[in-house]
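Enquirer: Sequence first, then the predicted structure:
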Amino acid sequence: GAVVSQHPSRVICKSGTSVKIECRSLDFQATTMFWYRQFPKQSLMLMATSNEGSKATYEQGVEKDKFLINHASLTLSTLTVTSAHPEDSSFYICSARQNGQLNTEAFFGQGTRLTVV
Amino acid sequence: GENVGLHLPTLSVQEGDNSIINCAYSNSASDYFIWYKQESGKGPQFIIDIRSNMDKRQGQRVTVLLNKTVKHLSLQIAATQPGDSAVYFCAENINTGFQKLVFGTGTRLLVSP
């Protein structure tokens, strides 16, 4: 299947700093990528849908200014957690669908474990 | 967002048993559904999918059933193996002009040898 690479896999940062997470589709182009957050023993919560060349669509309750999403190319989307605080510590996961492929599976990255200290 | 604050139910089975994992969805605009398996510390892995114009689909050792009347999905795993132990999520593709993939609560499957 198609491969989605997420980097870094783990990051520890100090409170108040910003962290950037990258999501790349390695062998396909993705107009749309999704960003999720997952707390321990809970499901994946959709944060936003990232659209190449346009603004991301955020889910209700997700702060746009705190979670900055950039989808500059068909193979790369980034999530920046700005002014991170301990409550932002979580597992962040991205996924991507192939261009033009509606109603098909989304391929997932391996996730990023963010710990804010 | 959806599913915040909900903890995972657990299904415990013996090796060789058949497992049935259930999922309820709520959005009538959902037109496509996927079952994912997630192992600890990893991203979700595709298992099987089904479109809304179908009510059953079979794969290798897995079967997905869709009941649109009651908005219910199930995943059946035949001859469950210890390697099947993981958390299983159903995801629904909500199509309201643009598509988004939303995950259900999830179920932890524990398989004892």
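Expert: Structure received. Remember, predicted model here, so these are calculated numbers, not experimental data. Numbering: from 1, shown residues only, chains lettered A, B, ... in the order given.
Enquirer: nearest residue to the residue nearest in space to the middle of chain A other than its sequence neighbours?
Expert: With distances taken as C-alpha atoms, centre = their mean, residue A:35 lies nearest the centre of chain A, 3.5 Å away. Once flanking residues are discounted, residue A:35 sits nearest to residue A:47: 4.7 Å by C-beta to C-beta, 6 or more residues apart in numbering or on different chains. For the C-beta atoms, the positions are set from N, CA and C on the backbone; glycine is no exception.
Enquirer: For the helix or strand the one you found falls within, which strands pair with it and how are they oriented?
Expert: For residue A:47, the element it lies in under DSSP states H and E is strand A:44-51. If you go by DSSP bridges, strand A:44-51 pairs up with strand A:32-38 (antiparallel), strand A:57-58 (antiparallel).
Enquirer: where along chain B do the strands fall?
Expert: Applying DSSP state E to chain B gives strands spanning B:10-14, B:19-24, B:30-38, B:45-51, B:56-58, B:62-67, B:72-77, B:86-95, B:99-103, B:107-112.
Enquirer: who touches the helix or strand of chain B with the lowest mean pLDDT?
Expert: When the helices and strands of chain B are compared on mean pLDDT, DSSP states H and E, strand B:99-103 comes out lowest with a mean of 89. Strand B:99-103 is touched from outside by A:32, A:34, A:36, A:43-46, A:49, A:57, A:95, A:97, A:102-103, A:106, B:2-3, B:27, B:34, B:36, B:89-94, with contacts defined as C-beta atoms under 8 Å, 6 or more residues apart in numbering or on different chains.
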